[in-house]
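Undergrad: after the sequence you'll find the predicted model.
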Amino acid sequence: MSATPRRVEHQQTDKGYVPVYTTDVVEQPWDSYTPADHHVWAQLFSRQRKLLVGRASDEFLRAQDAMGMSQDAIPRFEDLNEVLRAATGWELIGVEGLLPELTFFEHLAHRRFPVTWWIRKEEQLDYLAEPDLFHDLFGHVPLLMNPVFADYMEAYGRGGVKAHGIGPEALVHLTRLYWYTVEFGLIRQGDDGLRIYGSGIVSSSGESVHCLESDAPNRIGFDLERIMRTRYRIDTYQKTYFVIGSFEQLMQATEPDFAPIYGTLAKQESLPAGAVLDTDRVHHRGTGEGWAQDGDV
Ligand code: PHE
Ligand code: FE
């Protein structure tokens, strides 16, 4: 614990622009945030909150309020941790950048969520290649207040440690589950239709609108093996979003032992990110009010 924090970002090398990994856990150097850093937080926070009312799951928005996040200043991990520990026993730990997979899984398995201490620069408001404080804190942390989602994240961490022991292919398949749920998931919110819960979406102004309102992407009902077979893009909006009915459904669907599933998938071809299969339950955009959907999907 508590090395002096560094800001660890992608680096340009002779192999191109590559991610750099770090394992240190650091104290959030709150006093070192500049007025410019707080201003970046404020701009991103207020812009996203405006966009997300009626688009993000109500659960997400309520949790953000309950944690006391606001545009006024970059939150202190200490303050958030008091609320979070009491709610679900999770805690935030400060990190310098991307973690190696196994380190990340082990933190999750122990209900520790790694949050990058540094925030993007003003010139990066719309895009940066790796997670920063805004993505991690604004995007990932609120749903850790939800008891079912909190359990899912811990189960995912344990599943990650297991998949890591099975081999690289298992990890590829498991990572797609994280991508299409935790990062880019949509949820059906009763009669209100589709809402966002994925942190990669809620921390992006463009994708917050695109994922619900564009005709371009597929919106397909959650199906574990289907997700694990589906490749994804990291540098553009998603071509496909998977829709869960509830966090309980997500939890139940991921309860079985994945080892035999990894075995089956190892013999199958992966699917392109934009594929649509006959067996997919496609969610259509409603034409009427709000985001109501046709039919029972
Ligand atoms: N059931 C999974 C396994 O056996 C563990 C897991 C749960 C993984 C939830 C992801 C999400 O590997
Ligand atoms: Fe993320």
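TA: Alright, I've got the coordinates. Here the structure is a predicted model, which is why all the values come from computation and not from measurement. Ligands and ions are numbered 1, 2, ... in the order given.
Undergrad: tell me which element Pro256 is part of?
TA: According to DSSP states H and E, Pro256 maps onto no helix or strand at all.
Undergrad: what's the longest helix anywhere in the chain packed up against?
TA: Looking across the chain with DSSP state H, the single longest helix is helix 147-166. Packed against helix 147-166 by the contact rule (3 or more Cβ pairs under 8 Å, 6 or more residues apart in numbering; DSSP states H and E) you find helix 77-88, helix 101-109, helix 168-178, helix 247-253, helix 259-266. Yep, even glycine has a C-beta here, placed from its N, CA and C like the rest.
Undergrad: dump those to a markdown table, plus distance to ligand 1 and mean neighbour count.
TA: Converted to a markdown table, these look like this (distance: least, Cβ to the nearest ligand atom, whole Å; neighbours: other Cβ atoms under 10 Å):
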| stretch | distance to ligand 1 | mean neighbour count |
| --- | --- | --- |
| helix 77-88 | 16 | 16 |
| helix 101-109 | 10 | 18 |
| helix 168-178 | 6 | 19 |
| helix 247-253 | 7 | 16 |
| helix 259-266 | 6 | 14 |
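Undergrad: got the residues of the stretch 101-250 of the chain near ligand 1?
TA: For the stretch 101-250 of the chain, the residues in contact with ligand 1 (Cβ under 6 Å from any ligand atom) are Tyr152, Ala155, Tyr156, Gly159, Lys162, Leu177.
Undergrad: what about the first one, how many neighbours?
TA: Taking other Cβ atoms under 10 Å as the neighbour definition, Tyr152 ends up with a count of 22.
Undergrad: surely it is in contact with Phe247?
TA: Yes - Tyr152 is in contact with Phe247 according to Cβ atoms under 8 Å; the separation is 6.7 Å.
Undergrad: residue contacts, the residue in the stretch 101-250 of the chain that ligand 1 sits nearest to?
TA: For the stretch 101-250 of the chain and ligand 1, the shortest gap (Cβ to the nearest ligand atom) falls at Gly159, measuring 2.6 Å. Gly159 makes contact with Phe105, Leu174, Thr254, Phe258, according to Cβ atoms under 8 Å, 6 or more residues apart in numbering.
Undergrad: farthest-separated two in those residues?
TA: Farthest-apart pair in those is Phe105 and Thr254; separation 14.6 Å (Cβ to Cβ).
Undergrad: Arg7: how many residues sit nearby?
TA: There are 12 residues near Arg7, going by other Cβ under 10 Å.
Undergrad: pLDDT at it, what is it?
TA: In this model, Arg7 is scored at 93, pLDDT.
Undergrad: quick check: it vs Glu130, distance?
TA: 11 Å (Cβ to Cβ, to the nearest Å).
Undergrad: residue nearest the centroid of this structure?
TA: Glu183 (2.8 Å; Cα atoms, centre = their mean).
Undergrad: now do the helix or strand that contains Asp65: distance to the chain's middle.
TA: Element membership of Asp65, judged by DSSP H and E, is helix 58-66. The gap between where helix 58-66 is centred and where its chain is centred comes out at 15 Å by Cα atoms, centre = their mean, to the nearest Å.
Undergrad: buried ones in it?
TA: Within helix 58-66, the residues that qualify as buried are Glu59, Phe60, Leu61, Ala63, Gln64, counting by 16 or more other Cβ atoms under 10 Å.
Undergrad: that one - contacts with which helices or strands?
TA: The elements that helix 58-66 packs onto, with contact taken as 3+ Cβ pairs under 8 Å, 6+ apart, are helix 35-52.
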